[in-house]
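Peer 1: Return atomic coordinates for the entry below.
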Amino acid sequence: MSPAGTSSSKATAAKYGSWPRRYLPKPTRPKLSVVSSLLPPHNPPHTPPPFIKFALMSSTWELPHEASLAVCANFHVGPETLLDELKKLARLHLAGLPDAVAFYAGRIVEGLASAALQIHHLYAGSTVIESLDTLALSGKVSDGALLCGHAIRRLANEARHLERSVLVDEEATIVALLQLWVEWFVSACGASTASQSFSWNDWSSRTPMLRTLAAGSQPEMVALSTHEDQLQPLLADSATAAFVAERLVDCNAATADRFTRAAKDRFPHNRRITQIRALHFSRAQNPEQAIRLLLPLRNGNPRRLDIETIGILGGAYKTRWLQSRISAHLKCAYDTYTLPVADAPRSHYLQINIAATALWMDKAALARSHAQAAIDLLAEQKITSDEALEGTVNYWMVATLAEAQLLVGNDWLASVLYAKASATDNPTGPWARTAAQLRVHLEFLPKTRYWETMHALVSR
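Peer 2: Residues are numbered from 1 along each chain as shown. Okay, the predicted model is just below:
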């Protein structure tokens, strides 16, 4: 009989390769960190012994001195200045209210997103997700900063709707992501202050790691998830793990499968980690695994069903149909995209996918209607085909408008937009997915006037 624990160790080694179980820590609830210097004098909380403080260093944060943050007084988040809002965030940390910290960080993200839209004379969305979407499609925000904003938005929503408690060790991640978001805003939208270098140090012990993931090169991001000694901080809390997983899947990193598996095992009930693991499976042409992961979310509490779950699950069914051409799978994709969810009618992403699946179900009129709805929604955000052709914009703005114009019958404009999309991206990036879908569209639109032009683009 083998010694106790041997079989478990072998199973762990088989599952995680070179990542031993000791690098998969259990959640902790560390004590409050040093109080921010922004706060008035107070009686500091009990300081833990040095060895305990050392063990908790990975989850501490504090804002820098007010003088370092003076530039933040030049910007407003609603009626208050950004500096005032940061002071309130520090007070909530002192009070030991991580849910409130998450909620307030979300408030700051929403306010700065609206301010950025006003500065760039863009449509201010009715929701924060719509505002972030407009910034992304118009090319005004980097991919890394955008993911920081969305990560904070999700945590704020979970706190707002009492979906789960935000843990104390997640505060450091929230504040690190918020620092990166604030730095993006000041640099991109600060006008006269944009040229100033930031005089503050990192607000959180997790800022350096998350900065590498948000703004580093692909090799730098992959290196963080490859080395064993880096694994523990990456899985320290669900917010960090979800952010890392999304970045690795986004850049098609070789370590994406192993890390998303470790994150899912570490946080089996976290919705965002489940979504990212499913997205990885779907992009890896393994839609069955993606569907298996997402069906519990689809069939669970309808109030918690969101556009992101619908989009990934619908995409998995669509991939399944592309592999099998079984009509039942296509119907599942269409039915998923048309599920009644809050804000779904305002989502150009869902509208264009409804249009695509409707075309493949031989519902041409319905396809045109939803494609036109996608064009109209983007136009409300001042995102048009002319802007896509003339400006430096996000890849998905060009690709989405190209698909929408094709489905409403504007063949020439569609062919020009598809040509720009193919020139914007490399063959192994998003264009590969766009080209695969365009090939299917051309099967169902054989009489398109610029069929040969578009077919040549996908045959390169």
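Peer 1: In the stretch 251-400 of the chain, where is pLDDT below threshold?
Peer 2: Applying pLDDT under 70 to the stretch 251-400 of the chain flags residues 392.
Peer 1: how about the helices in it?
Peer 2: 256-266, 271-283, 287-298, 307-324, 327-337, 348-360, 364-380, 385-390, 395-408 (DSSP state H, counting those that start in this stretch).
Peer 1: nearest to residue 145, of the ones you listed?
Peer 2: Of all these, helix 395-408 sits nearest to residue 145, with 15.9 Å by Cβ to Cβ. Placement of C-beta: from N, CA and C, glycine included.
Peer 1: what's the following helix or strand after the closest one?
Peer 2: Counting by DSSP states H and E, the next helix or strand C-terminal to helix 395-408 is helix 411-424.
Peer 1: tell me the angle the next helix or strand after that following helix makes with helix 364-380.
Peer 2: Sequence order places helix 430-444 as the next helix or strand after helix 411-424, per DSSP H and E. Relative orientation of helix 430-444 versus helix 364-380 (axes from the mean of the first three to the mean of the last three Cα atoms, to 10 degrees): 150 degrees.
Peer 1: Buried residues, the next helix-or-strand element following helix 430-444. List them.
Peer 2: Per DSSP H and E, the first helix or strand lying C-terminal to helix 430-444 is helix 451-458. By 16 or more other Cβ atoms under 10 Å, the buried positions in helix 451-458 come out as 453, 454, 457, 458.
Peer 1: ok so, going back, please tabulate the helices of the stretch 251-400 of the chain in TSV, including the columns mean neighbour count.
Peer 2: Listed next are the helices of the stretch 251-400 of the chain as TSV, based on neighbours: other Cβ atoms under 10 Å:
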stretch	mean neighbour count
helix 256-266	21
helix 271-283	24
helix 287-298	18
helix 307-324	22
helix 327-337	19
helix 348-360	24
helix 364-380	19
helix 385-390	16
helix 395-408	25
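Peer 1: Save those helices as TSV, and put in distance to residue 181 too.
Peer 2: As requested, the helices of the stretch 251-400 of the chain are arranged in TSV below (distance: least, Cβ to Cβ, whole Å):
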stretch	distance to residue 181
helix 256-266	22
helix 271-283	17
helix 287-298	27
helix 307-324	19
helix 327-337	30
helix 348-360	22
helix 364-380	24
helix 385-390	25
helix 395-408	20
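Peer 1: closest one to residue 68 among those?
Peer 2: Per Cβ to Cβ, nearest to residue 68 of those: helix 271-283, 32.0 Å.
Peer 1: got the contact list for residue 449?
Peer 2: With Cβ atoms under 8 Å, 6 or more residues apart in numbering as the criterion, the residues that contact residue 449 are 411, 412.
Peer 1: at 6 Å instead, please
Peer 2: Counting by Cβ atoms under 6 Å, 6 or more residues apart in numbering, residue 449 touches residue 411.
Peer 1: Look up how far residue 410 lies from it.
Peer 2: Residue 449 sits 10 Å away from residue 410, going by Cβ to Cβ, to the nearest Å.
Peer 1: since we're on residue 78, how many residues are nearby?
Peer 2: 12 (other Cβ atoms under 10 Å).
Peer 1: doesn't residue 111 make contact with it?
Peer 2: Yes: Residue 78 is within contact range of residue 111, at 5.4 Å (criterion: Cβ atoms under 6 Å).
Peer 1: List phi and psi for the closest residue to residue 201 other than its chain neighbours.
Peer 2: Nearest residue to residue 201 in three dimensions, chain neighbours excluded: residue 64, at 5.9 Å (Cβ to Cβ, 6 or more residues apart in numbering). Per-residue torsions, residue 64: phi -70, psi 180 (degrees, to the nearest 10).
Peer 1: Ok, which of the helices of the stretch 251-400 of the chain comes nearest residue 241?
Peer 2: Nearest of the helices of the stretch 251-400 of the chain (Cβ to Cβ): helix 256-266, 4.2 Å.
Peer 1: How far off centre is the closest one?
Peer 2: 17 Å (Cα atoms, centre = their mean, to the nearest Å).
Peer 1: Adjust the sequence numbering to begin at 358 for everything that follows.
Peer 2: In the new count, where the first residue is 358, that last one comes out as helix 613-623.
Peer 1: name the helices or strands packed onto it?
Peer 2: helix 595-607, helix 628-640 (3 or more Cβ pairs under 6 Å, 6 or more residues apart in numbering; DSSP states H and E).
Peer 1: how about a markdown table for these, with distance to residue 737 added?
Peer 2: Shown next, in a markdown table, are the helices and strands packed on helix 613-623 (distance: least, Cβ to Cβ, whole Å):
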| stretch | distance to residue 737 |
| --- | --- |
| helix 595-607 | 27 |
| helix 628-640 | 27 |
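Peer 1: Not counting whichever helix or strand residue 508 is part of itself, show me its contacts.
Peer 2: Using DSSP H and E, residue 508 maps to helix 500-517. Residues outside helix 500-517 that contact it (Cβ under 6 Å, 6+ apart): 456, 459-460, 462-463, 466, 485, 489, 493, 521, 523, 534, 537-538, 541, 571-572, 596, 600, 629.
Peer 1: just to revisit the earlier point, thought the residue nearest to residue 558 was touching residue 556?
Peer 2: No: taking Cβ under 6 Å as the definition, residue 421 is not a contact partner of residue 556, at 8.1 Å.
Peer 1: Those two: who's more crowded?
Peer 2: residue 421 (18 against 12).
Peer 1: Distance-wise, check that one relative to residue 767.
Peer 2: 52 Å.
Peer 1: again, but for residue 432
Peer 2: Taking Cβ to Cβ, one finds residue 432 at 41 Å from residue 767.
Peer 1: follow-up on the earlier one: for the helix holding residue 508, buried residues please.
Peer 2: Going by 16+ other Cβ under 10 Å, helix 500-517 has these buried residues: 501-516.
Peer 1: Select, out of the helices and strands packed on helix 613-623, the one closest to residue 427.
Peer 2: helix 595-607 (28.9 Å).
Peer 1: for that closest one, packing partners?
Peer 2: By 3+ Cβ pairs under 6 Å, 6+ apart, helix 595-607 packs against helix 613-623, helix 628-640.
Peer 1: okay, now the domains of the chain?
Peer 2: With domains defined by automatic domain parsing, the chain comprises 394-572, 645-703, 705-817.
Peer 1: quick one: residue 720 and residue 777, what's the gap?
Peer 2: 29 Å.
Peer 1: What values do phi and psi take at the closest residue to residue 513 other than its chain neighbours?
Peer 2: With sequence-adjacent residues excluded and distances taken as Cβ to Cβ, 6+ apart, residue 513 is closest to residue 463, at 2.3 Å. The phi/psi pair for residue 463 (degrees, to the nearest 10) reads phi -60, psi -40.
Peer 1: mind listing what residue 463 touches?
Peer 2: 509, 510, 513.
Peer 1: From residue 510, how far off is it?
Peer 2: Applying Cβ to Cβ to residue 463 and residue 510 gives a distance of 6 Å.
Peer 1: What separation do you get for the residue lying closest to residue 607 once chain neighbours are set aside and residue 492?
Peer 2: Residue nearest to residue 607 in three dimensions, not counting chain neighbours: residue 500, with 7.0 Å by Cβ to Cβ, 6+ apart. As judged by Cβ to Cβ, residue 500 and residue 492 stand 11 Å apart.
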